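Trainee: below are the sequence and a predicted model; questions follow.
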Amino acid sequence: NHYHIVLHVNKHKADNWNTDEVITRWHQLFTGTLLSQRYIKGEALCKAERDTLNERVILWRSRLMDISWYMRVLNESIARQANTEDDCTGRFWEGRFRSQALLDEAALAACMAYVDLNPLRSKLADTPEASLHTSIRQRFNAEKTNSHQPDGLFPFVGNPRRSMPEGLPFKLTDYLELVDWTGRIIREDKRGHIASSLPPILQRLNMASNNWLYLSQHFESPFKGLVGSVFKLREACKKLKYQRTPGITSCDSYFP
């Protein structure tokens, strides 16, 4: 009755799209306007028409990197398909989505593992690689066949370093080991058992195993909209001009 998704908004890349790129991407979702259709066909536009189109392109660019618009388009397409299958009309989703901002590496790793292990907690799969519709299954299969990391998923680029390429700041093999280790522990027949050796990601992030296991099963419940270390939380609240620091107690408890 719901789904989880971890998103990365590449604002730098979107800011550097030219007019053609923005219009082409928007037309993949919507019909656009008469002016944008004419522009793509190569028809000449007068200055007033170009100015009007440029204003529209600015709006479309902002929407193409806006999470609310992303969720709106995704949820609407799912709702239309479901209503067609069920031969009914009306609202499909109970309400709008809930989002949490992941402020640092520890929060990112915990949220990713929480999402990837959701089918195990729901007893829909016995192992991470057997769970359907998850990124961890795609990554397991790609690693098993020694192929490239799956298209459409943010790549793992290794631990932080100078000249860091864009991607997830972990080693893929370390993350797969972490999810496998966590998945074995949260199974009912393994409840309470903690392996003597921790996966390297937890060691690097300095996360206690009991905190990690709780977050891998309850990530959504203890936090407000911002998740990360207290330092990152205060930094984000200052940037957002918050008068208070929501969720500071939970962040202080679970993140170093």
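Mentor: Done, it's in. On a predicted model such as this, the values are computed, not experimentally measured, just so you know.

Trainee: and after the helix ranked longest in the chain, which helix or strand comes next?
Mentor: Scanning the chain for the helix with the most residues, using DSSP state H, yields helix 67-86. Sequence-wise, the next helix or strand downstream of helix 67-86 (DSSP states H and E) is strand 101-102.

Trainee: relative to the whole chain's centre, how far out is the very next helix or strand once past that following strand?
Mentor: Next in sequence after strand 101-102, counting helices and strands by DSSP H and E, comes helix 105-116. Offset of helix 105-116 from its chain centre (CA atoms, centre = their mean, to the nearest Å): 10 Å.

Trainee: try stretch 208-224
Mentor: Using CA atoms, centre = their mean, the offset of stretch 208-224 from its chain centre is 17 Å.

Trainee: for that stretch, give me every contacting residue.
Mentor: For stretch 208-224, the external contacting residues (CB atoms under 8 Å, 6 or more residues apart in numbering) are 98, 100, 110-111, 113-114, 117, 121, 182, 185-186, 194, 198, 202, 227, 246-247, 250-251, 253-255. Backbone N, C-alpha and C define where each C-beta goes, glycine included.

Trainee: which non-adjacent residue is nearest residue 75?
Mentor: residue 93 (5.7 Å; CB to CB, 6 or more residues apart in numbering).

Trainee: so the one you found sits against residue 76, correct?
Mentor: No. Contact criterion CB atoms under 8 Å: residue 93 and residue 76 do not qualify, at 9.3 Å.

Trainee: so where's the chain uncertain?
Mentor: 187-196 (pLDDT under 70).

Trainee: for whichever strand or helix holds residue 201, name the packing helices and strands.
Mentor: Per DSSP H and E, residue 201 falls inside helix 200-205. Helix 200-205 makes packing contacts with helix 105-116, helix 172-186 when contacts are defined by 3 or more CB pairs under 8 Å, 6 or more residues apart in numbering; DSSP states H and E.
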